[in-house]
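>>> pasting the structure only:
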């Protein structure tokens with residue numbers, strides 16, 4: 001039996017999660033998030049690639065170039081969710097291409113981007129796509145997304 005393979009793709013800013021200490025996620029690092037994701041995938045029998053890209057063009061290129069290499073995608077765009085520099089059309093096109101192949105896509109955020117006082121934070125949901133969304137659960141946003149992707153893959 002072939003196991004399903006997921007890509008967990010992290011955007012700008014996730015290399016340094018020290019800002020998460022201010023919101024109650026003390027000592028959280030990308031390595032800790034990756035380890036928790038790896039443990040969760042192992043339990044569920046999923047293969048996982050875990051990447052972090054600080055460049056928007058690289059992030060979008062991975063989504064487009066690796067579409068056939070993965071069965072599902074979990075994306076934390078971090079810096080892009082509050083950046084005016086994101087090319088929303090290119091992002092939407094990449095996400096729509098993935099979801100058009102009936103591959104699950106879930107956008108995750110460590111912090112609650114809807115929390116009062118957060119400025120310019122918004123999800124990067126692609127219009128017309130079936131992208132899931134998890135926010136505000138720390139590294140457990142990823143765990144919930146992995147479990148949801150696994151359920152979706154097993155139902156297809």
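Yes, it's here. Since we're looking at a predicted model, the values are computed, not measured.

>>> packing partners for the lowest-mean-pLDDT helix or strand in the chain?
When each helix and strand of the chain is scored by mean pLDDT, DSSP states H and E, helix 88-100 comes last, with a mean of 79. Helix 88-100 sits against helix 56-65, strand 105-109, with contacts defined as 3 or more CB pairs under 8 Å, 6 or more residues apart in numbering; DSSP states H and E. Placement of C-beta: from N, CA and C, glycine included.

>>> which stretch in those is the model least sure about?
In terms of average pLDDT, helix 56-65 trails the rest of those, at a mean of 85.

>>> now the helices for the chain?
30-44, 56-65, 88-100, 140-155 (DSSP state H).

>>> Make TSV out of these and add mean neighbour count and distance to residue 111.
Output for the helices of the chain, formatted as TSV (neighbours: other CB atoms under 10 Å; distance: least, CB to CB, whole Å):
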stretch	mean neighbour count	distance to residue 111
helix 30-44	16	13
helix 56-65	17	19
helix 88-100	17	20
helix 140-155	18	9
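
>>> Look up the residues forming beta bridges with the residue nearest to residue 149 when sequence neighbours are not counted.
If the residues on either side of it in the chain are set aside, residue 149 comes closest to residue 72, at 4.3 Å by CB to CB, 6 or more residues apart in numbering. Following DSSP bridges, residue 72 is listed with bridge partners residue 6.

>>> coming back round to it: closest one to residue 38 among the helices and strands packed on helix 88-100?
Checking the helices and strands packed on helix 88-100 against residue 38 by CB to CB gives strand 105-109 as the closest, at 15.5 Å.
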